[in-house]
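Trainee: When you get a sec, could you give me coordinates for this:
(chains A and B)
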Amino acid sequence: MGWIGETVDSIKSIKIRQLLTQAVTLGMIVTSALIIWKAMMCVTGTESPVVVVLSGSMEPGFQRGDILLLRMTKDPIRTGEIVVFKIDGRDIPIVHRVIEVHERKTTGKVDVLTKGDNNDVDDIDLYADGQMWLHRHHIMGRAVGFLPYVGWVTIIMTEKPIIKYILIGAMGLLVITSKD
Amino acid sequence: MHSFGYRANALLTFSVTALAFICAIASFSDKFSNQNPSAEIQILNINRLKKQSYGNDEVSLTLDISADLQSLFTWNTKQVFAFVAAEYESPMNSLNQVSLWDVIIPDKEHAKFRIQTSNKYRFIDQGHNLRGKEFNLTLHWHVMPKTGKMLADKIVMPGYSLPDAYK
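Mentor: Numbers count the residues shown, from 1 in each chain, chains lettered A, B, ... in the order given. Now for the predicted structure:
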């Protein structure tokens, strides 16, 4: 009965090596994606070089599902720039246009007021309680480029997470079966 | 190697790459457009210059804005966002920019216009520095493409001033 044990052992050992190779390949793919993402963060100078437009407040220029390419430089913030900002205590970034700037002589700090192109009123109601202005540290980046519709993939994956799992499962299957 | 999965994957990768390439070229073609917009703004009337109850100055004025932004439109242009802002200096602030009026121009036909309007947004100072203040009026435009790089620029028109006393 020793040869059964021998065969089982050899089968087991092949499977392990194959499995390890596939795991490493998958790991490499994920890591290179991460490297590309981090490199983009360095080049554009912002934490999130790409955002998806989530609301209709900048229509008809930006529709829900469009992707904005961001960049952050040390240049001063001026009216007309489309900026992405986060309010303290809230997760969701907002993409609106700067309509007012007041820059202090002494410190160089700015008070900024924003408004969505499609909104009737400025964003003062969106800011935190008692906050009248945005400051530089709220602003994550300026929109410099734009790709239509591509962001729908992200919106669908966020609102229906089951699709995200299906996609990742399918990609994983593809990688594993490709070693045939 | 010829399964449905592989073919779908290859097709998807190719189409995404081709689309990205086309978008990049479309954006690049904007570099070759010759742009010479022009604008003129007149202040028809300063309606009110008052001090608000909590201390800040506020101005209400009527503007006559005429502009020709037709040369900004290319085949890759989705819309042009134009706005007029007042720029001035005050003792506390090296720069104040306040947007007074804006418009979304969806196509070339609407890009040459003349409009008389009071300021759409309130012109409020941080403080009470507006009496006798000299300021610039700037017409900014922001070209939003169908895909690709956005372009913004402005025309600065100096030499406007506010009355010396509240009215």
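Trainee: burial measure for the closest residue to A:G65 other than its chain neighbours, as a count.
Mentor: Nearest non-adjacent residue to A:G65, counting by C-beta to C-beta, 6 or more residues apart in numbering or on different chains: A:W152, 4.1 Å away. For every residue, glycine as well, the C-beta is placed using N, CA and C. If you count neighbours by other C-beta atoms under 10 Å in any protein chain shown, A:W152 ends up with 15.
Trainee: Just the pLDDT at A:W152, thanks.
Mentor: We have a pLDDT of 81 for A:W152.
Trainee: For burial, what's the neighbour tally of B:I104?
Mentor: B:I104 has 17 nearby residues by other C-beta under 10 Å.
Trainee: Okay, and it sits in which element?
Mentor: Using DSSP states H and E, B:I104 sits in strand B:93-105.
Trainee: who does that strand touch, helix- and strand-wise?
Mentor: Contacts defined by 3 or more C-beta pairs under 8 Å, 6 or more residues apart in numbering or on different chains; DSSP states H and E place strand B:93-105 against strand A:94-104, strand B:57-68, strand B:77-88, strand B:112-118, strand B:123-124.
Trainee: Kindly format the C-alpha coordinates of it as CSV.
Mentor: Taking C-alpha atoms only, strand B:93-105 is exported to CSV below (Å, rounded to 0.1, in the frame of the first residue of the first chain):
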residue,chain,number,x,y,z
ASN,B,93,-5.8,90.9,3.0
SER,B,94,-3.3,91.0,0.2
LEU,B,95,-5.9,89.8,-2.2
ASN,B,96,-9.7,89.5,-2.2
GLN,B,97,-11.5,87.9,-5.1
VAL,B,98,-15.3,87.9,-5.1
SER,B,99,-17.3,86.3,-7.9
LEU,B,100,-20.1,88.6,-8.9
TRP,B,101,-21.8,86.8,-11.8
ASP,B,102,-21.3,83.6,-13.9
VAL,B,103,-22.8,81.9,-16.8
ILE,B,104,-22.6,78.5,-18.5
ILE,B,105,-22.1,78.8,-22.2
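Trainee: Direction included, what does it pair against?
Mentor: Strand B:93-105 has the following strand partners under DSSP bridges: strand A:94-104 (antiparallel), strand B:77-88 (antiparallel).
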